[in-house]
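Chemist: sequence plus the predicted model coming up.
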Amino acid sequence: MRKKIQAPLDLAVSKSLRAGDQVLLTGTIYTSRDAGHLRLVNSIAAGEELPLPLEGAVIYYVGPTPPAPGQIIGSAGPTTSYRMDPYAPTLLAHGLRGMIGKGRRSEEVIEAMRKSGAVYFGAIGGAGALLSSCIVKSDLIAYEDLGAEALRRLEVVDMPLLVVIDSLGNNLYETGPAAYLASQDTDN
């Protein structure tokens, strides 16, 4: 059964999610990749106002393609998350509550998630067209010069995600393969 959750994420909600939970996310999320993350972290270091509210925010690691005529957004599949790892702890310390992407995260990011109560959601790579159908509104809000990596505010409805790493540090990239191998041992 999928849990319906709302963005921005309430701390109690993010702390209640467990690795392996399937969720349908609705609400306001933001897009950013490494170049945008660098600018956000530099703005924090300089004491500048950010173009998005970080408290409870969810950032989707995506560089959407341009929309076809009549579409809100083009294909919007997740990008590899480890490229954001140098910046994620700073953003988590300033209120970021959820991240959406694909692939493993560093121990430093997982520890920052434990401290902040944040979660990491996995989105299905290669399913950009499906995921873009969950996006009902897209607004460019900052860093237009970055093109596909510009910062956007998205409104999403029932975006299907999987909790890959929860706020306790439980990590499907570790427990999933171990469970699979254990099941293979019992089959023989």
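Modeler: Ah, there it is.

Chemist: helices of the protein, residue ranges please.
Modeler: For the chain, helices defined by DSSP state H occupy the ranges 11-16, 34-45, 88-93, 107-116, 128-132, 172-187.

Chemist: can you redo those as CSV with mean neighbour count and mean pLDDT?
Modeler: Every residue, glycine included, has its C-beta placed from N, CA and C. What follows is these, written out as CSV (neighbours: other Cβ atoms under 10 Å; pLDDT from 0 to 100):
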stretch, mean neighbour count, mean pLDDT
helix 11-16, 16, 97
helix 34-45, 17, 97
helix 88-93, 20, 98
helix 107-116, 17, 98
helix 128-132, 19, 82
helix 172-187, 10, 72
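
Chemist: centre of the chain to the top strand by length along the chain, how far?
Modeler: The strand spanning the most residues in the chain, taking DSSP state E as the definition, is strand 151-165. Put simply, strand 151-165 sits 7 Å off its chain's centre (Cα atoms, centre = their mean, to the nearest Å).

Chemist: OK, contacts around the most centrally placed residue in the chain?
Modeler: Nearest residue to the geometric centre of the chain (Cα atoms, centre = their mean): residue 100, 1.8 Å. Shown in contact with residue 100 (Cβ atoms under 8 Å, 6 or more residues apart in numbering): 25, 29, 58-62, 78, 120-123, 159, 161.
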